[in-house]
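Trainee: Coordinates for the following, if possible.
(one chain, ligands or ions: 1)
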Amino acid sequence: MDNIAKHIAVITLFPEMFSALTESGISRRAVEKGLITLKCFNPRTYTTDKHQTVDDRPYGGGPGMVMRVEPLALAVEDAQNWLQNVSGSQHKAKVIYMSPQGRLLDNSGVQEFGDRQHMIIVAGRYEGIDERFIERYIDEEWSIGDYVLSGGELPAMVLLDAVIRRIPGALGDAQSAEQDSFEEGLLDCPHYTRPEVWSDGVKEFKVPDVLLSGDHGKISQWRQQQSLGRTFNRRPDLLQDTELDHGQLELLNKYQAEQTKD
Ligand code: 9D3
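Mentor: Below is the predicted model of the structure:
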């Protein structure tokens, strides 16, 4: 992975939604640092009729509306021109369609986007988009999960957030120093901060002693044990392809023994 800025074009009827990325948090800082450039292209601005129509009734009948092919095609062509100009690259940007029919996005999928310098992401609305647009322009379809959303904008933002936080320099020192445990295929360990003891008025909730011990070897081992134990109990599917070593199996056994104690 190199450090050339990523240029990403988004085709969307709701460009204002993407301010959630450009105006807050890690993604905002990445934009301000120039690590990523995001530009929205609204199909509505490429319509030629008085009412700026972007949808129409489905051939064959049935409920709902379908996004028209012409405004989408013009928006993608404009996005391709923009990418050519800003990146100066000869490579053709991949056109990604966020779609319930797409490949399920997971961490390894996100990783694949890390190497791409530029791309076009299409977010759909209504019941879907004219299949001829997909046939002509779309290289890949991606879904973020098996639940029904109202459009492709939130999925596009989910993908972008996951991609952006992996760009070298996007995270602060503290954030990047602590490796995401997902990268190791494990769930995170529990976290605590002050006060040492917190009471809800009925019961006192204490921070685990080991975290106050100052013994960094023991602390790191405890965290690994918690990660392993929680992954084994809550998401055993994540351990399917992982070969646990001798030390990890021992930590896991100790975790389960301590769980059953109380
Ligand atoms: C309820 C409508 N469905 C027909 C029976 C089809 C349908 C059309 C459009 C379902 C969802 C959508 C809008 N969703 C997306 O564009 C989308 C999405 C999603 O809904 N879930 C997970 N990932 C994605 S990526 C794009």
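
Trainee: Can you report how many residues neighbour the closest residue to residue 28 other than its chain neighbours?
Mentor: Distances taken as Cβ to Cβ, 6 or more residues apart in numbering place residue 22 nearest to residue 28, at 6.0 Å, with adjacent residues excluded. To be clear about C-beta, it is placed using only N, CA and C from the backbone, and glycine gets the same treatment. Other residues near residue 22 come to 14 when the count uses other Cβ atoms under 10 Å.

Trainee: now swap in residue 78 and tell me
Mentor: Neighbour tally, residue 78, other Cβ under 10 Å: 16.

Trainee: so it sits right up against residue 41, yeah?
Mentor: Yes: with contact defined as Cβ atoms under 8 Å, residue 78 counts as touching residue 41 (5.7 Å).

Trainee: can you list the residues of the stretch 101-250 of the chain near the ligand?
Mentor: 124, 127-128, 143-145, 147-152, 155 (Cβ under 6 Å from any ligand atom).

Trainee: mind running it again at 8 Å?
Mentor: Taking Cβ under 8 Å from any ligand atom as the measure of proximity, the stretch 101-250 of the chain contacts the ligand at 102, 123-128, 142-152, 154-156.

Trainee: Hmm, residue 117 and residue 4 touching each other?
Mentor: Yes: in terms of Cβ under 8 Å, residue 4 counts as a neighbour of residue 117; the distance is 5.6 Å.

Trainee: Those two: who's more crowded?
Mentor: The neighbour count for residue 4 versus residue 117, taken as other Cβ under 10 Å, is higher for residue 117 (15 against 11).

Trainee: give me phi/psi at that one?
Mentor: phi -80, psi -30 (degrees, to the nearest 10).

Trainee: That one against residue 90, yeah?
Mentor: No: using Cβ under 8 Å, residue 117 is not in contact with residue 90, being 11.5 Å away.

Trainee: Tell me where the stretch 151-262 of the chain has helices.
Mentor: 153-164, 173-177, 216-234, 246-261 (DSSP state H, counting those that start in this stretch).

Trainee: Let's test this: mean pLDDT of the third one, rounded?
Mentor: Helix 216-234 shows a mean pLDDT of 98 in the predicted model.

Trainee: Contacts for it next, please.
Mentor: Here helix 216-234 makes contact (Cβ atoms under 8 Å, 6 or more residues apart in numbering) with 181, 184-190, 208, 210-211, 213, 238-239, 244, 248, 251-252, 254-256, 259.
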